[in-house]
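Asker: Provided below for reference: sequence and predicted model.
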Amino acid sequence: MYFRINTSSAVCAAALSDPVNTSSLHQLCPPIVSLHLTERFAEVRHDINLSIDVDNDAFDIDGSPPPESRTASPRPQFEEDDIQVQYHPNSQRPTQVFHFEDYGHGPGAPTVVPPVEPEPWYPFRTRIDFEFAELVLEAALTHQQMDRLFDLSSLWRQQFVKEEVVVPFQGDNKTFQLFHRSIWDWAVDLLQDPQVGPHFVFDAERLSKFNGDKFVRFIHEPWTANAFWEYQSKIPLDAKPLASILYADKAKLSSFSRAKGYPVVAQCANLPVAIRNGEDLGGGRVVGWLPIVKEDKKHSGKPAYVNFKNAVWHQSFLKILACLAPLSKFGSAVKCWDDIIRIFYPIILILSADYEEQSVMALIRDLMGKFPCPICLVPRDELYKTSNIYPLRTSAGAKALRVQARESTTLEAREQILSSESLRDVDNSFDTMENTDVHRALSNDKLHFNNAGLFSDHLWAELQKWIESSGRQAAVQIDSFFHSFPCWQNLNHFDQVTSISFSDGTKYEDISKETHNVFCQDQDSEAYLLLCCIRSYVEFNTYASLDVHTEDTIKDGRKALENLTQLMDKYIEDTSDLIDKSWNFPKKHLSVHLFDDIEAKGVSRNYNTKPNEKMHGPLKDAYQDRTNFKNFAEQLSCLDAQNLSLLESDPPEIDSETESTTDGLHFSLGSPQAMQSFADVEDSKTGNPAFIQFRIKLNEFLNHACITEYRFLKVNYESLVDWHVSTDYLRCSPMFHGLPRNDFVILQTEASVIFTQLLMVFTCMVRDVQYPIVLTLPYDQPVGARPQKDKDFDFWRVKAKPRVSAEFFSVQSIIRGCVLVEDSSRPNEALVVDTLDTDTFLRIKEIRTNSTTAG
């Protein structure tokens with residue numbers, strides 16, 4: 001989401017009276033890069049050109065400037081954080097360099113859609129209902145004409161086509177029903193829509209950011225990665241890529257999983273992630289309901305029957321792709337929202353699915369084959385060797401192998417050829433799409449491969465075995481630790497974890513961040529080594545979660561994966577005689593392809609199944625509330641994907657003092673208490689050493705002033721991941737949901753960056769001017785000798801000052817919130833949770849690097 005910083009915004013009851021000029025605004029909240037929309041710092045303008053045109057050949061692909069010659073003109077002077085945009089040569093657009101604060105403005109910037117009433121057609125249920133009624137009135141139709149038109153419109157609005165899929169099995173033709181609608185028609189509707197159309201990106205881009213020495217490339221959306229660029233190079237010069245993201249997975253529609261649906265959801269990769277992963281116009285669209293072949297006890301598990309089920313899948317998908325296949329070869333002209341006619345060539349850029357569906361899409365023999373990876377030819381017995389490199393599969397190679405096998409004179413020879421790469425003797429529907437390679441389109445699914453795969457089913461399950469073998473005390477200890485873990489927004493809080501299983505991969509992701517304080521190295525060396533593996537996994541998974549990747553973070557991510565591999569190899573070797581556990585499973589191996597996917601198709605949220613799996617809930621509700629449980633696929637196909645979002649449960653409640661919008665300032669205060677004198681404050685805090693001499697500490701600055709205490713603080717900051725404005729909601733309250741809560745913050749002092757705990761947030765009124773101040777307990781004491789665990793787990797340990805040494809700081813000194821976890825074995829010491837979110841991860845690394853350099 002993109003924000004505009006409003007320099008006149010009030011800070012709740014404590015408005016800053018002095019106007020904020022450009023320089024002070026930069027101190028409060030540095031300029032933000034809006035990557036694709038144009039809601040930027042409208043108030044911050046500089047007397048410079050919005051863009052600087054440079055020649056396409058002025059920079060190499062890696063961002064380094066070419067060697068200077070004696071006759072060459074002086075090289076342009078760039079400022080740190082300048083953004084270079086290199087457009088695909090077919091676009092015939094010159095490379096441009098934007099100043100950081102200007103990126104997203106000027107010629108070529110996306111058109112800002114003015115805010116509109118979300119439901120201007122009310123009280124009609126939908127816009128189409130309103131327009132239909134308007135047309136009937138304008139045409140002055142009779143009752144008979146209206147009834148006839150209603151009948152016709154009901155057929156038109158269904159939009160889904162019902163087709164029969166006939167696949168032979170053992171001499172009999174088996175018939176299945178498929179419901180689908182045109183992906184192409186849906187894409188054209190978006191291209192012609194005046195609200196969605198301006199957000200389309202038609203040309204591949206290579207983006208880079210100037211670090212003071214050179215331009216460093218960064219990647220986020222699909223069109224900023226390599227595959228989109230390569231595809232645009234394969235189509236005619238005057239054509240544009242129209243890239244699709246397809247998701248397919250079975251959805252449980254009943255509580256006991258007896259009823260299942262198989263939706264296919266399409267997204268347009270030319271739209272920004274905020275739109276295509278959203279629930280409004282431009283978001284994911286159900287384009288088909290695949291038939292589900294019921295298991296037959298007589299044939300279940302046999303190769304011929306498995307091939308038959310795969311054939312049904314691909315024959316069905318062939319019909320879904322029929323609207324795109326010829327256009328992928330010859331293109332099609334579309335008059336877009338801006339009345340410009342463009343020629344589009346569709347491509348399936350990304351396939352988002354779990355391993356089971358990926359095996360079907362790639363037509364491999366999954367775990368039963370010699371080569372169970374849908375991306376490369378890793379032998380089944382070497383799946384755990386994630387440091388090795390294996391040949392990549394290709395659609396052309398698989399197709400040629402099937403042709404060769406079918407030319408064989410015996411079934412035995414055919415089987416030998418196909419098994420050499422674990423292929424099935426079934427035609428792949430994706431082969432009908434020009435320039436689409438199914439093995440390159442298949443993408444890493446962080447939700448199922450990492451959170452609900454490698455961690456939940458293996459690392460966490462393995463740790464639970466160690467906990468169980470260590471006795472009840474270990475289980476009590478870890479449950480107690482999770483119960484005491486500080487609360488934080490968007491982080492699940494657990495009271496108990498050792499004897500509970502979860503179906504939500506996000507919960508396992510949060511569990512992985514909080515798991516470490518269980519075993520000691522000298523007592524349980526193998527279990528301790530497993531904890532080291534989990535800590536390394538969390539670091540790797542954090543890199544996998546970044547919303548923007550640079551050349552450096554991709555390199556660091558690969559190193560994190562390499563470190564995880566080394567630790568896992570050591571654990572597997574050390575426990576081979578102790579534990580009967582196989583680490584030869586595909587989801588461990590598939591992490592090898594993650595960073596290749598990022599370089600090819602953008603960051604992991606472009607192909608994570610999580611956004612599309614959110615649609616399973618509305619589908620289940622629709623099944624329960626709007627079908628008769630018979631032939632439900634046909635009934636569900638009548639529901640539009642946009643209408644399904646209306647069936648979702650109510651959004652989570654937000655506390656009354658929490659604003660839903662972001663203020664223009666770096667912070668805002670909430671939950672004001674009654675105005676008090678200093679004496680009142682000291683009396684109310686009797687027994688708390690931090691408040692001793694409270695009045696004296698502030699005497700020189702606040703003589704005879706009154707203060708207003710606040711118990712909620714909202715801090716806006718620039719994310720180090722994507723340079724957008726992010727917001728932390730901080731609490732400083734003696735009683736919040738039945739417990740005291742004093743959050744921690746990262747704070748900038750004159751000397752350094754420190755961690756502190758909020759003890760009181762208040763404003764002082766001095767001569768009609770309010771000053772926002774925090775009383776904090778700094779964690780900047782020398783720690784002394786650090787335990788071995790800090791080194792093994794790469795922890796950052798901090799130590800609190802005595803509470804009597806609490807200090808005052810301006811609220812403006814707060815950088816952002818953070819979480820510190822007390823170490824019960826060492827009084828007044830705590831560990832910084834650096835994997836809280838991706839910004840915290842990069843920020844803590846930066847702070848540690850700077851502190852080491854300064855030291």
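Answerer: In hand now; what should we look at? Numbering: from 1, shown residues only.
Asker: From here on, just use CA atoms for contacts and neighbour counts.
Answerer: Fine.
Asker: quick one: low-confidence ranges for the stretch 451-600 of the chain?
Answerer: Residue ranges of the stretch 451-600 of the chain with pLDDT under 70: 516-519, 521-523.
Asker: For it, which segments are assigned as strands?
Answerer: Assigned strands in the stretch 451-600 of the chain, in chain order: 549-550 (criterion: DSSP state E, counting those that start in this stretch).
Asker: Hmm, Gly288 is touching Arg181, no?
Answerer: Yes: contact criterion C-alpha atoms under 8 Å: Gly288 and Arg181 qualify, at 6.3 Å.
Asker: Compare these two and say which one has the larger neighbour count.
Answerer: Gly288 (27 against 21; other C-alpha atoms under 10 Å).
Asker: and the more buried one, what element?
Answerer: strand 285-289 (DSSP states H and E).
Asker: list the buried ones in the next helix or strand after that strand?
Answerer: Next along the chain after strand 285-289, taking DSSP H and E as the criterion, comes helix 303-320. For helix 303-320, a neighbour-count test (16 or more other C-alpha atoms under 10 Å) marks 305-320 as buried.
Asker: and what of stretch 405-420?
Answerer: By 16+ other C-alpha under 10 Å, the buried positions in stretch 405-420 come out as Ala405, Arg406, Arg414, Glu415, Ile417, Leu418, Ser419.
Asker: what sits up against that stretch?
Answerer: The contact list for stretch 405-420 (C-alpha atoms under 8 Å, 6 or more residues apart in numbering) reads Gly369, Lys370, Leu401, Arg402, Gln404, Arg424, Asp425.
Asker: Buried ones among the residues you listed?
Answerer: Gly369, Lys370, Leu401, Arg402, Arg424, Asp425.
Asker: circling back: each with direction, which strands does the strand holding Gly288 pair with?
Answerer: Applying DSSP bridges, strand 285-289 is found paired with strand 172-180 (antiparallel), strand 263-268 (antiparallel).
Asker: circling back: dump the buried ones among the contacts of stretch 405-420 to TSV, plus secondary structure and distance to Glu221.
Answerer: Shown next, in TSV, are these (DSSP: H, G, I helix; E, B strand; the rest coil; distance: C-alpha to C-alpha, whole Å):
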residue	secondary structure	distance to Glu221
Gly369	coil	34
Lys370	coil	35
Leu401	helix	34
Arg402	helix	35
Arg424	coil	34
Asp425	coil	36
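Asker: need those residues in TSV with pLDDT, can you?
Answerer: Converted to TSV, the buried ones among the contacts of stretch 405-420 look like this (pLDDT from 0 to 100):
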residue	pLDDT
Gly369	90
Lys370	93
Leu401	96
Arg402	95
Arg424	95
Asp425	95
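Asker: hey, which of the strands paired with strand 285-289 is tucked in deepest?
Answerer: Across the strands paired with strand 285-289, averaging neighbours per residue (mean count of other C-alpha atoms under 10 Å) puts strand 263-268 on top, at a mean of 25.
Asker: average model confidence for it?
Answerer: For strand 263-268, mean pLDDT rounds to 93.
Asker: Which residues outside it are in contact with it?
Answerer: For strand 263-268, contacts defined as C-alpha under 8 Å, 6+ apart pick out 183, 187, 242-251, 276-277, 282-290, 612.
Asker: Give me the contacts around whatever helix or strand comes next after that strand.
Answerer: Next along the chain after strand 263-268, taking DSSP H and E as the criterion, comes helix 273-276. With contact meaning C-alpha under 8 Å, 6+ apart, helix 273-276 is reached by Met1, Glu221, Gln267, Cys268, Ala269, Leu281, Gly282, Gly283, Gly284, Asn606.
Asker: Quick one: residues contacting the last one.
Answerer: In other words, Asn606. Glu221, Pro222, Val273.
Asker: would you turn the residues you listed into JSON lines with pLDDT and neighbour count?
Answerer: Shown next, in JSON lines, are the contacts of Asn606 (pLDDT from 0 to 100; neighbours: other C-alpha atoms under 10 Å):
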{"residue": "Glu221", "pLDDT": "96", "neighbour count": "26"}
{"residue": "Pro222", "pLDDT": "97", "neighbour count": "29"}
{"residue": "Val273", "pLDDT": "92", "neighbour count": "19"}
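Asker: per-residue pLDDT, Glu101?
Answerer: At Glu101, the pLDDT value in this model is 84.
Asker: In three-state terms, label it for me.
Answerer: helix (DSSP: H, G, I helix; E, B strand; the rest coil).
Asker: Pull out the buried positions in stretch 501-516.
Answerer: Buried residues in stretch 501-516 (16+ other C-alpha under 10 Å): Gly505, Thr506, Lys507, Tyr508, Glu509, Asp510, Ile511, Ser512, Lys513, Glu514, Thr515, His516.
Asker: pLDDT averaged over stretch 167-187 - what is it?
Answerer: Confidence over stretch 167-187 (mean pLDDT, whole number) is 93.
Asker: Which members of the buried residues of stretch 501-516 occur in helices, if any?
Answerer: Gly505, Thr506, Lys507, Tyr508, Glu509, Asp510, Ile511, Ser512, Lys513, Glu514 (DSSP state H).
Asker: Tell me which residues touch the closest residue to the second one other than its chain neighbours, please.
Answerer: Pointing back at Thr506 there. Counting by C-alpha to C-alpha, 6 or more residues apart in numbering, Thr506 lies nearest to Asn451, which is 6.8 Å off, once chain neighbours are set aside. Asn451 makes contact with Gly505, Thr506, Tyr508, Glu509, according to C-alpha under 8 Å, 6+ apart.
Asker: For Thr386, see how far away the last one is.
Answerer: Counting by C-alpha to C-alpha, to the nearest Å, the gap from Glu509 to Thr386 is 21 Å.
Asker: try the first one
Answerer: The gap separating Gly505 from Thr386 is 23 Å, by C-alpha to C-alpha.
Asker: Turn the contacts of stretch 405-420 into a markdown table, including distance to Pro689.
Answerer: Formatted as a markdown table, the contacts of stretch 405-420 follow (distance: C-alpha to C-alpha, whole Å):
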| residue | distance to Pro689 |
| --- | --- |
| Gly369 | 68 |
| Lys370 | 68 |
| Leu401 | 78 |
| Arg402 | 78 |
| Gln404 | 83 |
| Arg424 | 73 |
| Asp425 | 77 |
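Asker: out of everything not next to it in sequence, what's closest to Thr394?
Answerer: The shortest distance from Thr394 to any non-neighbouring residue, by C-alpha to C-alpha, 6+ apart, is to His439 (6.0 Å).
Asker: So what's the residue count around Ser582?
Answerer: Ser582 has 10 neighbouring residues, counting by other C-alpha under 10 Å.
Asker: Over to Phe744?
Answerer: Around Phe744 there are 24 other residues, counting by other C-alpha under 10 Å.
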